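Novice: After the sequence you'll find the predicted model.
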2 protein chains.
Amino acid sequence: MAASAIGVVCGLIGTMFHFGVHEVTAFRGTHPWVLYLLPLAGFVIVSFYKLTETDGLGTDDIIDAVHEGKRLPILLLPAIFFGTVLTHLCGGSAGREGAALQMGGTIGQCMGRTFRLDDRDLRVATLAGMAAFFSALFGTPLAATVFAIMVISIGVLYHVALYPSLLAALVAYGVSVRLGVEPTRFTVAVPDQSVGMFVRVAALGVLCALVSILFCKLMHGAGHLMKRIKNPWLRVICGGFAVIALTWIFGTDYNGAGMDIVTRAIEQETVAVPWAFLLKLVFTAVTLAAGFKGGEVVPSFFVGATFGCAVSPLLGLPVGFGAAVGLAAVFCGVTNCPVASTLLAVELFGAEGMLYFALACCLSYMLSGYQGLYSSQTILYSKL
Amino acid sequence: MAASAIGVVCGLIGTMFHFGVHEVTAFRGTHPWVLYLLPLAGFVIVSFYKLTETDGLGTDDIIDAVHEGKRLPILLLPAIFFGTVLTHLCGGSAGREGAALQMGGTIGQCMGRTFRLDDRDLRVATLAGMAAFFSALFGTPLAATVFAIMVISIGVLYHVALYPSLLAALVAYGVSVRLGVEPTRFTVAVPDQSVGMFVRVAALGVLCALVSILFCKLMHGAGHLMKRIKNPWLRVICGGFAVIALTWIFGTDYNGAGMDIVTRAIEQETVAVPWAFLLKLVFTAVTLAAGFKGGEVVPSFFVGATFGCAVSPLLGLPVGFGAAVGLAAVFCGVTNCPVASTLLAVELFGAEGMLYFALACCLSYMLSGYQGLYSSQTILYSKL
């Protein structure tokens, strides 16, 4: 019951969020000058966070809310919503689902409190909200469910949250589809199974583990570096100018979420430059470290797909398929969720390549080290 | 390396086992009189187990081997191999993959000892062997992997075993396919997604949870009852006569593994009698409790598929699809592995119905109680 209600609310707000990001991205396409408002947008975002007393809250706090029952303020919801939309409007490089996890978790916990759930059920409600919001955005209910209940503690499966989360995710998915959100899907030709192909996919998985390590190190490193600027307003304004400068040099491909570039890498098998993945890394690290809002997952899709697209010819893999494998494997490497990543790949690309995706994700998981994107995540067992 | 070697060996022995069971089942089809040798076969099996000093060992001991590092004797391998083939030859009702898990686990552990692995890696090797053997028999590497690493402790994912197990499972799958084993696959038409259909699938999932409870209670109950006959030779001979009597009354549909009946329920949407699932339960409980060898998983497929086939018209579900959902949900209910069951359903039936399968499996998991098939399995968290 509570799970369905959470699903409906997350589905509705998720749909609004989806179209919000979609519209502002389209607006930026036709009005490129909004990029110059980025420092101003940053100023507004930081002020809004100060005003709602939510500054400093991020995805790690959602994870802590599940771990320790930490209370999430409802005002985080509008803060991250408008923060992310503004970031996307003005061309900051960020994703949507860090935001989705935060909004979903907040909705779940606040609704749980309204229903007067006890402490344990509040945590379940938080997870259900995360799964539901993720599902509404990408149209991948199963991956969203397994992701939400696995990302918290690697090695433990919160089985008790499984059914509530799945139900909320299915409901949110249904609501979002009914309201016109198209589920994210890619068409990709999967090569026939052969030993040689598995070896090549495994090699790509290993490379993706290295990219994942670089991704996480760069995100954390940029965060520490930008923290040197003590004043948050100054920090976000500097970050805004930095992104503007980067855009002058490298073009607009790396602003916003960049789902169009991901699609192009997978379906048209082209990427502008082989080092596109590095540029996206830098853009995203600067944007998020400066204090702009959004997620790290769509950037990880971007990095994985463009990287896979760039190295596939060297490995002798079909390019579009390599991009798809790269997307799944880098997502897995940074989030440490091999099962959820495999399910995500199945939902995005179909079941045909399932074994390839599973192999690449397992290797990427195993070799990507212990520093994931989320420092609140606990990894209970050694990986090797 | 070790994982690949385990994969090759499990693939080879798995293929032999597959064709062994296949051949004797065909032989029984053309020579129905072998049924009357069942008590004699039981006598031979018990004697062989006594001779190899493996009597009393079963799937629970494999689970303990992973939990506690218990040593598995290599002689268990021929014992369970011939025990299961003899049981199938003479028409005992049993599956193949309890046997598969035991053989795979034994191979994995013994090879691990040969490679002089340390204690932790020995457990991983045991898991890898289980996954590889399961994968060789059913052609479902991913489900086999997740099943092996999740069935041990519900709530914990032995991530460290993920890559070795997947590698072993893929290699074993490759070997078995190369040697002519056809992966188990069913073609089933999946209905379009709608709220009504999800509600019906959910209802079927709840019913399957009840069937799972009945399944486990009957298996454990029959075990205790038969233990009253202290002499194991006498016990197995009595069991043999009981199965013969049951076959006289109800026909030969319920002897052996019965994969043909499963296929008929899913693909031709017919089942002989609506209570076929109950009969299979009784046949299997008597067979295994008496001391014959084999697994419980194919019977759980049989029970789930025939039950789903029988109740689908009442629920307004397409019959073949209902049988597929029933198979996955009952498997999930008795093994407590929702994620592995969903992956199994995707590998057996394709990705189209993934969300339906996931929903039914989650519900069946949640409501099937704490008494699964394997009493050595630990369930770490409450389910509700």
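Specialist: Done, it's in. Given the structure is predicted, the values throughout are model-derived calculations rather than measurements.

Novice: What's the local residue count around the residue in chain A positioned nearest to chain B?
Specialist: Chain B sits closest to A:A351 of chain A, with a gap of 3.2 Å, by CB to the nearest CB. In short, each C-beta sits where N, CA and C put it, glycine included. By other CB atoms under 10 Å in any protein chain shown, 20 other residues sit near A:A351.

Novice: from memory it sits against B:G353, does it?
Specialist: No: taking contacts as CB atoms under 8 Å, A:A351 lies outside contact range of B:G353: 10.5 Å.

Novice: wait, does the helix or strand hosting A:G196 make contact with chain B?
Specialist: Here A:G196 sits within helix A:195-226, counting by DSSP states H and E. Yes: using CB under 8 Å from any CB of the partner chain, we find that helix A:195-226 touches chain B at A:195, A:198.

Novice: Kindly format the C-alpha coordinates of stretch A:258-270 as CSV.
Specialist: This file holds the C-alpha atoms of stretch A:258-270, laid out as CSV (Å, rounded to 0.1, in the frame of the first residue of the first chain):
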residue,chain,number,x,y,z
GLY,A,258,24.5,14.1,-23.1
MET,A,259,22.1,11.3,-23.7
ASP,A,260,22.1,12.1,-27.4
ILE,A,261,25.8,11.4,-27.5
VAL,A,262,25.3,8.1,-25.7
THR,A,263,22.6,7.1,-28.3
ARG,A,264,24.9,8.2,-31.1
ALA,A,265,27.8,6.1,-29.8
ILE,A,266,25.6,3.0,-29.4
GLU,A,267,23.3,3.2,-32.4
GLN,A,268,25.3,5.1,-35.0
GLU,A,269,28.6,3.8,-33.7
THR,A,270,30.3,7.2,-33.9
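
Novice: buried ones in that stretch?
Specialist: Along stretch A:258-270, these residues count as buried under the neighbour rule (16 or more other CB atoms under 10 Å in any protein chain shown): A:258-259, A:261-266, A:269.

Novice: between the residues you listed, which is nearest B:D64?
Specialist: Closest approach to B:D64 among the buried residues of stretch A:258-270 (CB to CB): A:I266, at 45.8 Å.

Novice: What lies in contact with the host helix or strand of A:V262?
Specialist: A:V262 belongs to helix A:259-267 when assigned by DSSP H and E. For helix A:259-267, the surrounding residues in contact (CB atoms under 8 Å, 6 or more residues apart in numbering or on different chains) are A:184, A:186-188, A:253, A:270-272, A:276, A:298, A:301-302, A:305-306, A:308-309, A:320, A:323-324, A:327.

Novice: and chain B, which of those reach it?
Specialist: Of the contacts of helix A:259-267, not one also sits near chain B (CB under 8 Å from any CB).

Novice: Among those residues, name the ones in helices.
Specialist: Judged by DSSP state H, helices contain the following of the contacts of helix A:259-267: A:276, A:298, A:301-302, A:305-306, A:308-309, A:320, A:323-324, A:327.

Novice: and the helix holding A:V262, average pLDDT?
Specialist: Here helix A:259-267 scores 85 as its mean pLDDT.

Novice: what sits against the spatially most central residue of chain A?
Specialist: Centroid-nearest residue in chain A: A:V297, 2.0 Å away (criterion: CA atoms, centre = their mean). For A:V297, the contact set (CB under 8 Å, 6+ apart) comprises A:95-98, A:331, A:335.

Novice: Equivalent analysis for A:G295, please.
Specialist: Contacts of A:G295 (CB under 8 Å, 6+ apart): A:59, A:84, A:94-101.

Novice: Tell me which two in the residues you listed are the farthest apart.
Specialist: Longest span within those, CB to CB: A:A94 and A:L101, 13.2 Å.

Novice: before we move on, back to that, closest to A:T284 among the buried residues of stretch A:258-270?
Specialist: Nearest to A:T284 among the buried residues of stretch A:258-270, with distances taken as CB to CB, is A:G258, at 9.5 Å.

Novice: The closest residue to that closest one other than its chain neighbours: how many residues sit nearby?
Specialist: Distances taken as CB to CB, 6 or more residues apart in numbering or on different chains place A:F302 nearest to A:G258, at 4.8 Å, with adjacent residues excluded. A:F302 has 29 neighbouring residues, counting by other CB under 10 Å.

Novice: do the same with A:D118
Specialist: Counted with other CB under 10 Å, A:D118 comes out at 8.

Novice: just the one 4 residues further on next, same as before
Specialist: Other residues lying near A:L122 total 23 when counted by other CB under 10 Å.
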